[in-house]
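[1] show me how the following folds:
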Amino acid sequence: MFWSRRMKNNYDVVVVGGGPGGSMAAWEAAKAGLSVCLLDKDRDVGYPVRCGEAIGDSALRQFVEPEEAWIASRITGSTLVAPNGTDVHIEFANETGYILNRRIFDYDLSRYAANAGAEMYTKSFVKDVIIEDDFIKGVKLDHLGESKEITAKIVIGADGIASQVGNAAGLKTLVKMKDMESGMQYSVSNVDVADNKMIMYVGSNYAPGGYLWIFPKGDRFANIGIGIDGKSSKIRSAKSYLDEFMENNFPDAAILTTMCGGIPCPSPMKSPIKNGLMLVGDAARLINPVTGGGIAAAMRSGLISGQIAADAIKNNDCSEKFLNRYTKRVYKEFANNHERLYRIKETIHKLNDDELNGIADKVSAIDPSKRSLGSVFKTAVYKKPSLIIDVLRIFAGF
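    From the prediction side, this is the model:
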């Protein structure tokens with residue numbers, strides 16, 4: 001006789017998507033004593049890996065104490081390479097960054113949620129939501145070849161930028177083409193790169209309308225990837241730029257994995273909620289518009305959604321009006337900064353190679369001990385005083 005845990009037909013909360021945002025939401029809701037079902041469409045949580053895997057130490061410690069198994073490398077600085085080859089080195093004075101082993105990291109976050117009481121089911125593809133009296137009341141899914149319906153007081157959509165949950169609920173989740181970059185990344189071995197430095201290349205010869213990155217993972221292993229704007233990708237593919245870079249710089253590298261697809265760099269959704277529904281992370285467009293990174297934002301929005309779900313159920317009020325507390329907290333805690341970053345991104349992407357070279361020269365003239373990411377951005381937007389205020393607000397204290 002084989003043991004098999006049976007999925008129930010009703011829960012307090014159903015979370016769709018087992019990434020960092022979904023696991024944080026499930027973990028927080030389960031800690032509050034709610035019955036929670038966490039669904040993921042893939043066979044394994046954390047696989048396949050779909051990002052560059054970078055996050056800051058302070059950002060991660062808001063939620064969990066980092067475990068050694070998660071950390072591929074510790075980052076203490078970055079290098080920005082201008083179109084003319086000028087290197088701008090920045091040391092992180094008060095911060096350490098990590099390049100994560102996302103497969104292990106995501107898996108462990110889902111394990112934390114399960115240990116708190118959440119039920120976890122993989123190979124569960126959510127295809128629709130259940131709507132009754134204008135309230136989201138659950139989800140329709142295929143689980144191991146069987147069609148099922150699960151009802152819930154609240155559904156949390158953490159199912160990525162192409163959120164099936166958000167679309168089915170009628171939320172406008174579509175990202176404008178101008179805010180989608182064409183991306184590709186190789187995980188490679190046999191490369192000689194510093195284990196503690198990120199490197200980013202900008203300019204039309206490297207990555208028009210975006211940037212090319214090297215994120216080291218230790219022991220001659222790295223993620224090397226690129227994101228270019230959609231307009232440029234119609235002329236020449238991201239793969240072509242990346243392959244040329246690899247041929248010129250790492251001809252002996254061995255490619256272990258390849259990822260490709262769209263990289264969303266939008267502004268946040270204004271209202272990622274409906275009656276009985278909250279969207280978190282990429283599903284709510286909570287992504288850093290400049291870098292395309294979204295791990296910390298997913299975790300923060302997931303945590304907030306789990307807390308608000310507990311409050312809503314306790315108050316027997318899962319209406320959009322009550323759940324707007326989620327939206328307000330998200331904007332207060334970080335999404336306002338994302339809107340500022342979006343305005344900065346719009347300016348940076350209009351810079352030509354000569355302007356980028358000029359920025360590199362000006363930042364290089366700054367005393368190395370006083371250089372920061374803030375100084376780079378202030379130099380980049382110096383012709384737009386209103387954006388300098390945005391930069392100061394974002395980088396206050398950094």
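[2] where do the helices sit along the stretch 51-200 of the chain?
    With DSSP state H, counting those that start in this stretch as the criterion, the stretch 51-200 of the chain has helices at 57-61, 102-115, 164-169.
[3] deepest-packed of these, please.
    Most buried of the helices of the stretch 51-200 of the chain by mean neighbour count (mean count of other Cβ atoms under 10 Å) is helix 164-169; its value is a mean of 23. C-beta here means a position set from N, CA and C on the backbone, and glycine is covered the same way.
[4] other SSEs contacting that one?
    Other helices and strands packing on helix 164-169, by 3 or more Cβ pairs under 8 Å, 6 or more residues apart in numbering; DSSP states H and E, are strand 124-132, strand 146-157, strand 277-279.
[5] now these as CSV including mean pLDDT and distance to residue 235?
    Below are the helices and strands packed on helix 164-169 laid out as CSV (pLDDT from 0 to 100; distance: least, Cβ to Cβ, whole Å):
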stretch, mean pLDDT, distance to residue 235
strand 124-132, 96, 36
strand 146-157, 97, 35
strand 277-279, 99, 34
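[6] deepest-packed of the ones you listed, please.
    Of the helices and strands packed on helix 164-169, strand 277-279 is the most buried (mean count of other Cβ under 10 Å), at a mean of 31.
[7] the strand or helix carrying residue 232: what's the following helix or strand?
    Residue 232 belongs to helix 230-233 when assigned by DSSP states H and E. Downstream of helix 230-233, the next assigned helix or strand under DSSP H and E is helix 238-249.
[8] give me the domain ranges for this structure.
    The chain breaks down into these domains under automatic domain parsing: 10-49+103-176+266-343, 76-98+179-264, 345-394.
[9] for the shortest one, the averaged confidence score.
    For domain 345-394, mean pLDDT rounds to 73.
[10] what does stretch 224-234 rub up against?
    Contact with stretch 224-234 is made by 52, 177-178, 180-186, 188, 191, 206-215, 238, 241-242, 245-246, 250, 253, 259, 263, 265, 292, 349, as judged by Cβ atoms under 8 Å, 6 or more residues apart in numbering.
[11] put the buried members of the residues you listed into a ChimeraX selection.
    Selecting only the buried entries of the contacts of stretch 224-234 in ChimeraX, with 16 or more other Cβ atoms under 10 Å as the criterion:
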select :52,180,181,182,183,184,185,186,188,191,206,207,208,209,210,211,212,213,214,215,238,241,242,245,246,250,253,259,263,265,292,349
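[12] so, low pLDDT: which residues of the chain?
    1-5, 46-52, 374, 377-378, 380-398 (pLDDT under 70).
[13] most centrally placed residue in it?
    By Cα atoms, centre = their mean, the mean C-alpha position of the chain lies nearest to residue 294, the distance being 1.8 Å.
[14] which of the domains of the chain sits most buried?
    Burial of the domains of the chain is given as mean neighbour count (mean count of other Cβ under 10 Å); domain 10-49+103-176+266-343 ranks first at a mean of 21.
[15] what's the span of that domain, first residue to last?
    43 Å (Cα to Cα, to the nearest Å).
[16] same check on stretch 8-24?
    21 Å.
[17] now swap in stretch 279-294 and tell me
    For stretch 279-294, the first-to-last residue distance is 14 Å (Cα to Cα).
[18] show me how far that stretch is from its chain's centre.
    5 Å (Cα atoms, centre = their mean, to the nearest Å).
[19] check stretch 140-160 too.
    23 Å.
[20] which residue comes closest to the residue nearest to the centre of the chain once chain neighbours are left out?
    Counting by Cβ to Cβ, 6 or more residues apart in numbering, the nearest residue to residue 294 once its immediate chain neighbours are dropped is residue 287, at 4.2 Å.
[21] would you confirm that that neighbour contacts residue 295?
    No: using Cβ atoms under 8 Å, residue 287 makes no contact with residue 295, being 9.9 Å away.
[22] on that earlier part again, let's have the domains of the chain in a markdown table, adding distance to residue 64.
    As requested, the domains of the chain are exported to a markdown table (distance: least, Cβ to Cβ, whole Å):
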| stretch | distance to residue 64 |
| --- | --- |
| domain 10-49+103-176+266-343 | 8 |
| domain 76-98+179-264 | 12 |
| domain 345-394 | 24 |
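[23] mind checking the SS state of residue 310?
    The three-state label given to residue 310 by DSSP: H, G, I helix; E, B strand; the rest coil is helix.
[24] what sits against it?
    Residue 310 neighbours (Cβ under 8 Å, 6+ apart): 28-29, 32-34.
[25] once you drop chain neighbours, what's closest to it?
    residue 32 (3.6 Å).
[26] and the gap between residue 105 and residue 16?
    To residue 16, residue 105 is 20 Å away according to Cβ to Cβ, to the nearest Å.
[27] could you do residue 149 as well?
    14 Å.
[28] helices along the stretch 201-350 of the chain, start to end?
    For the stretch 201-350 of the chain, the helices defined by DSSP H, counting those that start in this stretch cover 230-233, 238-249, 295-314, 320-330, 336-348.
[29] out of the ones you listed, which gets nearest to residue 117?
    Shortest distance between residue 117 and those, using Cβ to Cβ, is found for helix 295-314: 12.1 Å.
[30] and the angle for the closest one with strand 146-157?
    100 degrees (axes from the mean of the first three to the mean of the last three Cα atoms, to 10 degrees).
[31] list the contacts of residue 273.
    Residue 273 neighbours (Cβ under 8 Å, 6+ apart): 279, 320, 323-324, 326-327.
[32] ok, so of those residues, who is nearest residue 77?
    After measuring these against residue 77 - Cβ to Cβ - the closest member comes out as residue 279, at 34.9 Å.
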